[in-house]
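Q: Give the three-dimensional model of this entry:
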Amino acid sequence: MSTYQQGRRVGRPRRRSRWFLAGGLLAGSLVVGAAGAAGAAVGATSLLDPFPTAGVQRGDDADGDRRGGADAREPAGDGAGRPDGRDGDGRDAAGAPRGHGDGPGTGRHPVVEVPCDAGRLVAALVKANAEGGGSLRLASKCTYTLTQAFVQPDDYDGGIRDAREAADAAETPGDAEAPPRNPADDKAGLPVIYQPITIDGAGATIERDVHAEDFRFFTVRDGGELFLRDVELRNGRSKIEGGAVHIVHGATAVVERVTVVGSTSLSAEGGGGGIFNDGNLVATDSRFIGNSAAGTAGKGGGLLNGGVLTLRGSQFHHNSANGYGGGLGNYRGAADVENTTFVQNSAAQGGGIASFSARTKVLDSAVLGNTAQVGGGIANSDAVIVLRGMTIRDNTSTLKGGGISTVQGLLPLDDSVVAGNTTHGLGGGIYAEKSNLLVRGSDVARNGAVGAKSTGGGIHATAGQVSIYTSKVVGNNASARPGGIFAQQARVRVDDESVVAGNEPTNCVGSRVPVPHCFR
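A: Numbers count the residues shown, from 1 in each chain. Coordinates of the predicted model:
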């Protein structure tokens, strides 16, 4: 038996927690087991009821429930003090959707204040699962330190999982030959999320103790919904996917203003050093810093998506993957990314972003200073990636595509800048192989292909098609000609409003196929 260390509040002395967790036993009186859900609810209630501020919170007014109706001091029509507890925006003080008292069911759950103690956090989650959901608010600026995985029977409904794995095996027969997953590797430091649960972090940190066994923080199972905001997740570590968070195929998660730092996935071919999403994930205003997909062919150092992803206003810094997608890996999923930065991430392919057998759209984002063997900034393979309003600058590759690489894919590039990128192989700005590359209203400028036999400082295309409209390919350089556009066995179109000029040693002379409207 080991002890959960009490969370540490900044500036306060540490005290030893009296709550012990081992093999499903909590505090000596809370039994967690397949047949103990009701007992868990009762036991957890006895622990949580004394919380001084536990109860329903309605906006800024916690007394509205006691008054039993609308407060005359509140503006009419804003929902304050309504019997169903709804504000005008339909959300509670913790930001979770409110229940509807005039519809089916009994409405939302009260917000529970969780003291600065890791055992109390576990107890609160056990209770929330047992009651069909809940809303928790963590202690402001507290650090909840987890020292061991939480042991519980896994009530995972395998129906969706089994169907997905069968489809995957049919699509990629080699997947069926992979060794079976060891359930003992699928560990989390907190109770598995089976219900709709909201956690308002209030600036708190949840961390894995540096001496603890390998486990992530959250696993969201089929039918579970995790709403997580204003919290830092630190030092998660999983032997399989999802170093900090794992969202399965039938689950949903919404993360807002969440920082995932220093977390690792050790999965040989999976990944998601910070988060692995196989379900539906919405992430806004969040940061992924120093996470790693450390398996032999690990994918998605910061985040690996295999489901449906919406990503807004976020940052990926100093993440890494041994396979592809140092910052973000989208593998056989659908991802919609906007106003996000990818800075100094690294991978074998796609230092900043990798889209493989996937559909990816990236808008108004920056990919800066990333490194890879292929696709220093972005790698696209057997996939569609739409890039619009992008700044792709100062990325580096050793083999192909300093800024962008696309192989057997569709890549429209609109209203973007690809500048200052470098490769020691082919295609300083863009490398395209057996792809349909469309460059529209964009600049490909001052990129370099600097290897001894490097060509295509601006664009290097092999097979496929390249179409350039109202764009500039200028100021690029290569060790071997041409420095502007090199094409081999590819169809190239350059409209008469585009400019290909000022490239060294030549603009297009040396290309294996003619490049129209290219100045000598």
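
Q: Spit out the contact partners of Leu368.
A: Residues in contact with Leu368 (C-beta atoms under 8 Å, 6 or more residues apart in numbering) are 341-344, 352, 377, 391-395. For the C-beta atoms, the positions are set from N, CA and C on the backbone; glycine is no exception.

Q: do Thr470 as well
A: Contacts of Thr470 by C-beta under 8 Å, 6+ apart are 440-441, 495, 497-498.

Q: Would you state the predicted confidence (pLDDT) at it?
A: We have a pLDDT of 97 for Thr470.

Q: quick revisit: drop anything exposed from the contacts of Thr470.
A: Applying 16 or more other C-beta atoms under 10 Å to those, the neighbour count classes 440, 498 as buried.

Q: can you redo the contacts of Thr470 as JSON lines with pLDDT, secondary structure and distance to Thr143?
A: Listed next are the contacts of Thr470 as JSON lines, based on pLDDT from 0 to 100; DSSP: H, G, I helix; E, B strand; the rest coil; distance: C-beta to C-beta, whole Å:
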{"residue": "Arg440", "pLDDT": "98", "secondary structure": "strand", "distance to Thr143": "49"}
{"residue": "Gly441", "pLDDT": "98", "secondary structure": "coil", "distance to Thr143": "48"}
{"residue": "Asp495", "pLDDT": "95", "secondary structure": "coil", "distance to Thr143": "58"}
{"residue": "Glu497", "pLDDT": "95", "secondary structure": "coil", "distance to Thr143": "58"}
{"residue": "Ser498", "pLDDT": "96", "secondary structure": "coil", "distance to Thr143": "55"}
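
Q: thinking again about what came up before, among the contacts of Leu368, which ones are in helices?
A: Among the contacts of Leu368, no residue falls in helices (DSSP state H).

Q: Out of those residues, which comes closest to Ile485?
A: Ranked by distance to Ile485 (C-beta to C-beta), these are led by Ile392 at 17.3 Å.

Q: mind saving the C-alpha coords of stretch 347-355 as PDB?
A: The C-alpha trace of stretch 347-355 is given here as PDB (Å, rounded to 0.1, in the frame of the first residue of the first chain):
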ATOM      1  CA  ALA A 347      10.000  14.500 -35.500                       C
ATOM      2  CA  ALA A 348      11.200  12.200 -38.200                       C
ATOM      3  CA  GLN A 349       8.400  13.500 -40.400                       C
ATOM      4  CA  GLY A 350       6.400  16.700 -39.800                       C
ATOM      5  CA  GLY A 351       8.300  18.600 -37.200                       C
ATOM      6  CA  GLY A 352       5.400  20.900 -36.400                       C
ATOM      7  CA  ILE A 353       2.400  19.100 -38.000                       C
ATOM      8  CA  ALA A 354       1.900  15.700 -39.700                       C
ATOM      9  CA  SER A 355      -1.200  14.700 -41.600                       C
END
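
Q: Return the distance of it from the chain's centre.
A: Centroid displacement of stretch 347-355 relative to its chain, using C-alpha atoms, centre = their mean, to the nearest Å, is 14 Å.

Q: could you give the mean pLDDT of it?
A: Average pLDDT, stretch 347-355: 98.

Q: do stretch 401-410 as well
A: Rounded mean pLDDT across stretch 401-410 is 98.
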